[in-house]
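Enquirer: From the sequence below, what's the structure:
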Amino acid sequence: MKNLIIILICLLAVKHSIAQEPAPNDQYKYFDVKGLQITKAKFEDRRKTNMYLDIPGDSANHMKLIERVETGQINDVKNLYELIGNTTGSKLDETKPLVIIYHPGPDLCNSGGSSSVEFKSKWFKELESGVFKITASKPVYIYKDEQGVERYKALMTWYKDPEGTIERLFFRYHYPCSSFTVIGKDGNYISYFGEFGKESVWAAAKRLAKPAGSK
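Expert: Here you go, the predicted model:
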């Protein structure tokens, strides 16, 4: 009888403990780009539009949407041009937009894929040709973590992010695949987070290459 009572007490304790634990689906909260909480269904629907990426929120069990395109302005753009110039060992034209392709380190997006070397080579040559027509220079390839860029070393030269400057100014989170930013001579910039197309880079460069006030 005594053993039976002990077993019953243990079972009740386990049942109470399970009841206190939230179900796995209840552990996460979801927020839109304005920080307003939304349902998981709305979160996933907006994420599927490819206009947004998801990043960790203010808590370990919070997920937040961010827009994939960010515009802004940095101070002391002259020093940034000098820093990148010193890193690459070349003199940059400060009157032209600076195009930076950024590799955040290995992830599921940039570590796989079946694209051939020939395809990648053609893609980057077309990217560089389009950028050169706009800025009279090629993109600068910057990495945070060298792991993952080995597969591209035969195609272009990569440089370590000097003092973590590019990450600090433009890429606060690890966005999948790679990202780019284009900085204009006045410090205005356009950043695109995550996997991108050549046309997006060209459009941003053209926009920042225009004189102030032009449309």
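
Enquirer: Against E163, how distant is the residue positioned nearest the centre of the chain?
Expert: Centroid-nearest residue in the chain, with C-alpha atoms, centre = their mean: Y175, separated by 2.8 Å. Distance of Y175 to E163, given as C-beta to C-beta, to the nearest Å: 20 Å. The way it works is simple: take the backbone N, C-alpha and C, and place the C-beta from them, glycine included.

Enquirer: ok, now M63?
Expert: Counting by C-beta to C-beta - M63 and E163 are separated by 31 Å.

Enquirer: The two: which is more packed in?
Expert: Between M63 and E163, counting by other C-beta atoms under 10 Å, M63 is the more crowded of the two (16 against 10).

Enquirer: who's in contact with that one?
Expert: Residues near M63 by C-beta atoms under 8 Å, 6 or more residues apart in numbering: Y28, K29, Y30, F31, F43, D54, I55, P56, G57.

Enquirer: Drop anything exposed from those.
Expert: K29, Y30, F31, F43, D54, G57 (16 or more other C-beta atoms under 10 Å).

Enquirer: so which strand or helix has the fourth one?
Expert: Right, the one you point to is F43. In this structure, F43 sits in helix 40-47 according to DSSP states H and E.

Enquirer: next structured bit after that helix?
Expert: Next along the chain after helix 40-47, taking DSSP H and E as the criterion, comes strand 52-56.

Enquirer: Just the buried positions in the helix or strand following that following strand, please.
Expert: For strand 52-56, the following helix or strand on the C-terminal side (DSSP H and E) is strand 62-67. Judged by neighbour count using 16+ other C-beta under 10 Å, the buried positions of strand 62-67 are M63, K64, L65, I66.

Enquirer: could these be laid out in JSON lines, adding pLDDT and distance to A203?
Expert: Formatted as JSON lines, these follow (pLDDT from 0 to 100; distance: C-beta to C-beta, whole Å):
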{"residue": "M63", "pLDDT": "92", "distance to A203": "29"}
{"residue": "K64", "pLDDT": "93", "distance to A203": "26"}
{"residue": "L65", "pLDDT": "95", "distance to A203": "23"}
{"residue": "I66", "pLDDT": "94", "distance to A203": "20"}
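
Enquirer: Using TSV, please lay out those together with distance to T95.
Expert: Converted to TSV, the buried residues of strand 62-67 look like this (distance: C-beta to C-beta, whole Å):
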residue	distance to T95
M63	42
K64	38
L65	37
I66	32
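
Enquirer: Among these, which one sits closest to I100?
Expert: Minimum distance to I100 across those is 19.1 Å, recorded for I66 (C-beta to C-beta).

Enquirer: can you pull the contacts of that closest one?
Expert: With contact taken as C-beta under 8 Å, 6+ apart, I66 is in contact with V33, Y52, L53, D54, I55, Y173, F193.

Enquirer: Please pick the buried ones from those residues.
Expert: Buried, going by 16+ other C-beta under 10 Å: Y52, L53, D54, F193, out of these.

Enquirer: May I see those arranged in CSV, with pLDDT and distance to I183 as well?
Expert: CSV is the format used below for these (pLDDT from 0 to 100; distance: C-beta to C-beta, whole Å):
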residue, pLDDT, distance to I183
Y52, 95, 23
L53, 93, 21
D54, 90, 26
F193, 97, 16
